[in-house]
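Participant: the following block contains a protein sequence and its predicted model.
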Amino acid sequence: MKKLIFFDGGKETFIDFSQERELVYWSTVLNVKPESIKSAARACCSNEVSQITAYLKQSNRK
């Protein structure tokens, strides 16, 4: 199982999915595949990093 590293920057940060390098950056920071970030964003209806990481944390516990 992959270890997830979560970012808590203290302010709202959004992922611009039209920028491939942002998706690659956040997939590296969060230690997940870019597809996982896209799926999490769709599932939580947000592109905010804190909501995506919360979703990934929750889905990782299952």
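Facilitator: In hand now; what should we look at?

Participant: can you give me the strands in this protein?
Facilitator: With DSSP state E as the definition, the chain shows no strands.

Participant: residue ranges in it under the pLDDT threshold?
Facilitator: With pLDDT under 70 as the threshold, the chain has low-confidence stretches at 1-11, 62.

Participant: any idea which helix is longest in the chain?
Facilitator: What stands out as the longest helix in the chain, according to DSSP state H, is helix 49-61.

Participant: just checking, what packs against that one?
Facilitator: Helix 49-61 makes packing contacts with helix 20-30, helix 34-44 when contacts are defined by 3 or more CB pairs under 8 Å, 6 or more residues apart in numbering; DSSP states H and E. (C-beta placed from N, C-alpha, C; glycine too.)

Participant: change it to 6 Å
Facilitator: In this structure, helix 49-61 packs against helix 34-44, with contacts taken as 3 or more CB pairs under 6 Å, 6 or more residues apart in numbering; DSSP states H and E.

Participant: returning to what we had before: what residues sit buried inside the longest helix of the chain?
Facilitator: Neighbour-count burial for helix 49-61, counted by 16 or more other CB atoms under 10 Å, picks out Val49, Ser50, Gln51, Ile52, Thr53, Tyr55, Leu56.

Participant: and the last one, what does it touch?
Facilitator: The neighbours of Leu56, taking CB atoms under 6 Å, 6 or more residues apart in numbering as the test, are Ala40.

Participant: with the third one instead?
Facilitator: If a contact means CB under 6 Å, 6+ apart, then Gln51 has Cys44 as its contacts.

Participant: for Cys44, see how far away it is.
Facilitator: To Cys44, Gln51 is 5 Å away according to CB to CB, to the nearest Å.

Participant: repeat for the second one
Facilitator: When CB to CB is the yardstick, Ser50 and Cys44 sit 10 Å from each other.
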